[in-house]
Structure formats: C-alpha cells, structure tokens
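A.B. asks: coordinates only, sequence not included:
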C-alpha cells in the first residue's frame with residue numbers, strides 16, 4: 001500500500017505522516033528531508049547555487065537513508081537537526097527545482113519504497129513519484145497557521161527565526177513550489193483535500209485513517 005501526502009511547507013505533512021505510519025505499521029519516507037540533504041551537502045562543499053552541474057553531481061553521489069526513528073543520515077552521518085537549519089531552508093528552494101536533481105531524488109524515493117507499505121509526503125508524490133498511489137491526500141493550512149507551526153518546530157530544534165521571517169520564507173516557497181517547471185506543487189482531482197487550519201494533528205490523523213478504512 002502506498003499513501004501519498006502532498007501540500008505546502010508547514011502544513012503538517014511530516015507530523016501527520018509519522019502518526020499515520022505508526023497507526024498502520026507503514027514505512028514513512030520524508031522526501032523533503034532528501035532535498036534538504038542535497039542542500040546541506042551543497043553548503044558543506046561551498047558550491048554556489050548557480051553551479052547546477054556540481055549540485056547534480058552531489059545529488060547523484062550522496063547516500064541518504066532513514067532509520068526506524070525517522071532520523072536522517074547523509075553519507076552515514078545523522079543530520080536530522082542540521083537539515084532543519086535556516087541556512088538549509090533558504091538553500092533548498094534553489095536546489096530542489098533543478099530537473100536533474102528531482103529526477104535523481106524521485107529515482108531514490110521509488111527505490112526506498114520498493115516492496116514496502118509506505119506513506120510518503122512531499123510536493124509531487126501523488127502527481128509524479130507515485131501517481132497510482134492507493135490513497136492521495138493534499139494537506140493544506142493558512143499561511144499564518146503554517147508559519148506558527150514552523151515557529152514552534154524551529155523552537156524545538158533551537159533554530160532562531162522570527163515569525164515574520166518564517167512567514168516571508170513560506171510565502172516565497174509557496175510561489176516557487178507552485179511555479180516550478182518540473183515537480184510543481186499542484187492539486188489533482190483524485191486527491192482528498194484537507195484544510196487543517198482549525199484542526200488538531202489528532203483530528204487530521206483520524207480523518208485520514210477513516211478515509212483509508214472506507215476505501216480498503
């Protein structure tokens with residue numbers, strides 16, 4: 001079984017996917033973390049975001065894996081916290097739209113999911129990575145609510161960004177993600193739309209579980 005959850009940054013995809021995975025015994029794959037790994041390695045190697053050739057080489061060369069606790073490993077190193085830094089957040093939006101980078105990450109995402117029951121969240125899971133997923137959801141929330149959630153998340157990870165800076169960053173991400181030539185964030189007819197602005201995480205998880213149960 002494959003469950004795809006798409007949606008804008010800060011909509012709660014990761015947290016929701018984590019709880020649904022636990023409830024249903026699924027393997028969770030955080031595709032956003034994979035692009036962040038490419039961005040982190042790009043920064044570490046001092047590569048300019050304009051040097052697309054080198055960034056593509058990085059995407060093809062790095063090894064990304066997740067453990068059962070959803071820690072993220074880049075070339076064997078636990079980078080779970082590092083990939084959430086403000087610097088990585090501002091870089092990933094320039095790295096992830098590169099067509100060859102997306103092609104490589106999609107290849108790795110499909111390989112990670114092969115033979116498993118998975119829940120995968122990202123921007124183009126239900127439209128590009130797994131267009132034939134068993135269940136497709138589009139998780140959304142207002143810009144202010146998403147900024148508030150990201151502020152709380154950053155606080156927990158000791159990342160210092162103001163609400164206004166986060167809001168501006170998300171607003172730019174929304175525009176960039178929806179105007180990409182490849183892998184754009186779009187809604188499709190067979191996705192189940194969820195506006196989680198006034199919903200708790202528990203309510204969203206329960207809603208998804210009910211939908212999955214109805215369609216089983």
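C.D. replies: Good, I have the coordinates. If you're wondering where the values come from, they're calculated on a predicted model, not measured in any experiment. Numbers count the residues shown, from 1 in each chain.
A.B. asks: and the strands in this structure?
C.D. replies: 2-6, 27-30, 64-66, 72-74, 77-78, 118-122, 135-140, 192-195 (DSSP state E).
A.B. asks: deepest-packed of those, please.
C.D. replies: Mean neighbour count (mean count of other Cβ atoms under 10 Å) peaks for strand 118-122 among the strands of the chain, with a mean of 27. Just so you know, the C-beta spots here come from the backbone N, C-alpha and C atoms, and that holds for glycine as well.
A.B. asks: what helices or strands is that one leaning on?
C.D. replies: Applying 3 or more Cβ pairs under 8 Å, 6 or more residues apart in numbering; DSSP states H and E, one finds that strand 118-122 contacts strand 2-6, helix 13-24, strand 27-30, helix 31-44, helix 99-113.
A.B. asks: next, the angle from that strand to helix 99-113.
C.D. replies: Relative orientation of strand 118-122 versus helix 99-113 (axes from the mean of the first three to the mean of the last three Cα atoms, to 10 degrees): 160 degrees.
A.B. asks: hang on, the earlier thing: mind putting the strands of the chain in TSV, distance to residue 183 included?
C.D. replies: As requested, the strands of the chain are exported to TSV (distance: least, Cβ to Cβ, whole Å):
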stretch	distance to residue 183
strand 2-6	11
strand 27-30	16
strand 64-66	17
strand 72-74	20
strand 77-78	26
strand 118-122	9
strand 135-140	15
strand 192-195	20
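A.B. asks: for those, give me CSV that also has mean pLDDT and distance to residue 212.
C.D. replies: Below are these laid out as CSV (pLDDT from 0 to 100; distance: least, Cβ to Cβ, whole Å):
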stretch, mean pLDDT, distance to residue 212
strand 2-6, 96, 7
strand 27-30, 90, 15
strand 64-66, 91, 22
strand 72-74, 95, 26
strand 77-78, 97, 31
strand 118-122, 93, 10
strand 135-140, 97, 6
strand 192-195, 97, 10
